[in-house]
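>>> let me see the structure of the following:
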Amino acid sequence: MSVRNFLSLVALSAATLFFTQPAQAQEWKYTRTISIPPPYAPVFADTTPSGDVVVTTFNNRAEGETDLPVILIHQPLSANPGFYVVCRNRFPAMRGYSGLAVGNDGTFYVSADTGDNASSWIRKFKQNGQLDPAFGNNGEVRPGLRVLGLDVVGDKLITTFAFGRLAVMDRNTARLTGPVQGTNETALIRDVIVNPATQMIYGVAKGAAWVWTGGTLDNPGSYQLRRLSQDIMPEPRAGEGIFFDPVTGSAVIPFAKTKTLLTINAAGAVTPSAITGTTEDVRSIADAVLLTDGKTMFITDSTAANNGRCGIHVMARQSVDAAMDTSSAPDESLTSIAAVTTATAVGVTAPPPTATPTAMAAIPWVRDVRAGFAKARAENKPIMLYARSEKSDRCATLEQSVLPSADVAAALAGYVPIYFDVLSDTKLSQELGIFRVPNIAVYTPGGERKGVVQGRFEKQDLLNLLTK
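Model (predicted):
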């Protein structure tokens, strides 16, 4: 892909910021700010299959149109990440992208809420930054309604139309999967995010969390929208983002006014986590995204600091489970595994799927993760998801001597066993919270994760997981 170097990294040595998630005994610590030159203000963010970060921008000028870039941050975990423009789209003053999503093949989608039903749009771009002509009308869809928020799960593109109307479409063609949900004028949803395991869809409006439940992405007509938490702003704000943290199983809303992260679990319990620091650093946080190490979060800030520059705040998860620590076993880290794939500037070319090792052939594996979850829902069976990589020596050992054993086979009776090579879909690995292999997780038939063993664990640890 032909792109030009766009930005330079500017590290700021300023006050230290903290936020915590007490319900999970988690702590996040500010490490640095990536500074972006004016007039571009970062808003929505997502990760690519290769672990890069894509951010959209906002035209914060009081007047005048401009071509707003979508920016790729290459190797975001390195000391000196690279910055590139992957596409540009024209916006009037005080307008910008209303949604962003990156597919598991590195293609990406952006939306525009122009404030007008007729002119709002969704566009799909290939990895080379060109519009995909197979999507909608030569790469663009104009649904005749304002478009607010985007997410991609598998072959589905999820969005909402003004207001509170859920729409699920084929991400390749833009054809609707089912009927668009009816309007809900009390739910002024600004962004959406999907938990791919449960297929619950979270939305944010006025700082409050909403959730669609009861349906699936293949049957969106069965979804019902309900409120999870109360409004904390009198009016919705452009750039309200919502993020799903697969490590804690919670939705996270960056709330700009009080510089707070609101953590909301599936039951609706809200845990506020303050981001403390100087106003020079943190002004108007918008969206958040978790990187491929599972321990680093980027938070976009759409208001310029005193130096006239907007930024992306880099936060580090402080209370890291020892099982997630891959410092002594880099071959087990998703970050390292993803780096060996054939990368492009925006995505990766996935290798062909590997054959199930002969020693484990007796286990009735489901090789497609989404099909496995659907099978479990249909048959009301729990799930055992085995995530692995040929790059990991520990996975090879597990497959030769542990998984084929009679006692493990007996413990697996009644489960839907899913075999998942993380290199086949590194994007899905990130979304499921798989940052180290081997990783064996148990889920309810509805997709709620009940437990996990990963990295260096013993056979008895696995048996305990399967039988408890």
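>>> rest of the way, CA atoms for contacts and neighbours
OK.
>>> please enumerate the strands of the stretch 51-200 of the chain.
Secondary structure of the stretch 51-200 of the chain, counting by DSSP state E, counting those that start in this stretch: strands at 53-59, 66-74, 82-91, 95-102, 108-112, 121-125, 140-141, 147-153, 156-161, 165-170, 191-194.
>>> turn these into a markdown table, including distance to residue 430, mean pLDDT and mean neighbour count.
Listed next are the strands of the stretch 51-200 of the chain as a markdown table, based on distance: least, C-alpha to C-alpha, whole Å; pLDDT from 0 to 100; neighbours: other C-alpha atoms under 10 Å:
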| stretch | distance to residue 430 | mean pLDDT | mean neighbour count |
| --- | --- | --- | --- |
| strand 53-59 | 13 | 94 | 26 |
| strand 66-74 | 17 | 94 | 22 |
| strand 82-91 | 21 | 93 | 18 |
| strand 95-102 | 12 | 96 | 28 |
| strand 108-112 | 16 | 97 | 25 |
| strand 121-125 | 22 | 98 | 24 |
| strand 140-141 | 28 | 98 | 20 |
| strand 147-153 | 12 | 97 | 27 |
| strand 156-161 | 17 | 97 | 25 |
| strand 165-170 | 22 | 96 | 23 |
| strand 191-194 | 13 | 97 | 26 |
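>>> now distance to residue 238 too, for those strands, in a markdown table please.
As requested, the strands of the stretch 51-200 of the chain are exported to a markdown table (distance: least, C-alpha to C-alpha, whole Å):
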| stretch | distance to residue 238 |
| --- | --- |
| strand 53-59 | 10 |
| strand 66-74 | 16 |
| strand 82-91 | 14 |
| strand 95-102 | 8 |
| strand 108-112 | 11 |
| strand 121-125 | 16 |
| strand 140-141 | 21 |
| strand 147-153 | 10 |
| strand 156-161 | 14 |
| strand 165-170 | 17 |
| strand 191-194 | 10 |
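>>> go through the ones you listed and name the closest to residue 249.
Using C-alpha to C-alpha as the measure, strand 191-194 is the one of those that comes nearest residue 249, at 11.3 Å.
>>> domain map for this protein?
18-320, 334-467 (automatic domain parsing).
>>> tell me where the chain has helices.
All helices of the chain, identified by DSSP state H, fall at 334-339, 369-379, 393-401, 406-411, 426-431, 459-467.
>>> can you tell me which of those is packed in deepest?
With neighbours defined as mean count of other C-alpha atoms under 10 Å, these peak in mean count at helix 426-431, which reaches a mean of 24.
>>> so for that helix, mean pLDDT?
Taken as a whole, helix 426-431 has a mean pLDDT of 94.
>>> mind listing residues that contact that helix?
47-50, 103-104, 195-196, 246, 291-292, 294, 334, 338, 422, 435 (C-alpha atoms under 8 Å, 6 or more residues apart in numbering).
>>> returning to what we had before: tell me the most buried of the domains of the chain?
A comparison of these by mean neighbour count, using mean count of other C-alpha under 10 Å, puts domain 18-320 on top with a mean of 21.
>>> what residue ranges in the stretch 151-300 of the chain score low on pLDDT?
Counting by pLDDT under 70, the stretch 151-300 of the chain contains low-confidence ranges at 274-281.
>>> please redo it, this time with the cut-off set to 90
Applying pLDDT under 90 to the stretch 151-300 of the chain flags the ranges 163, 178-186, 229-230, 232-239, 247-250, 255-284, 292-293, 295.
>>> that older thread, tell me which of the helices of the chain sits nearest to residue 77.
helix 334-339 (9.3 Å).
>>> is residue 72 in contact with residue 56, as I believe?
No. The pair residue 72 / residue 56 is not scored as a contact, 9.1 Å apart, by C-alpha atoms under 8 Å.
>>> what bridges to residue 253?
Taking DSSP bridges as the rule, residue 253 bridges to residue 262.
>>> mind listing what it touches?
204, 207, 209, 240, 241, 242, 243, 261, 262, 263, 287, 288.
>>> do you know how far it is from residue 71?
To residue 71, residue 253 is 22 Å away according to C-alpha to C-alpha, to the nearest Å.
>>> could you pull out the strands in the stretch 251-400 of the chain for me?
Ranges of strands within the stretch 251-400 of the chain are 260-264, 270-274, 285-290, 296-301, 310-317, 342-343, 348-349, 383-388, based on DSSP E, counting those that start in this stretch.
>>> show me what the second one is packed against.
Think strand 270-274. Where contact means 3 or more C-alpha pairs under 8 Å, 6 or more residues apart in numbering; DSSP states H and E, strand 270-274 is packed against strand 18-21, strand 260-264.
>>> check the fifth one too.
Under the contact criterion of 3+ C-alpha pairs under 8 Å, 6+ apart, strand 310-317 touches strand 26-36, strand 40-47, strand 296-301.
>>> which of the ones you listed has the lowest average pLDDT?
Ranked by mean pLDDT, the helices and strands packed on strand 310-317 end with strand 26-36 at the bottom, a mean of 75.
>>> chain center to it: distance?
With C-alpha atoms, centre = their mean, to the nearest Å as the basis, strand 26-36 stands 18 Å off its chain's centre.
>>> by contact count, what packs against it?
Applying 3+ C-alpha pairs under 8 Å, 6+ apart, one finds that strand 26-36 contacts strand 18-21, strand 310-317.
>>> got the contact list for the closest residue to residue 61 other than its chain neighbours?
Nearest residue to residue 61 in three dimensions, chain neighbours excluded: residue 93, at 5.5 Å (C-alpha to C-alpha, 6 or more residues apart in numbering). Going by C-alpha under 8 Å, 6+ apart, residue 93 touches 59, 60, 61, 62, 63, 64, 65, 66.
>>> any idea how far residue 93 lies from residue 285?
Taking C-alpha to C-alpha, one finds residue 93 at 20 Å from residue 285.
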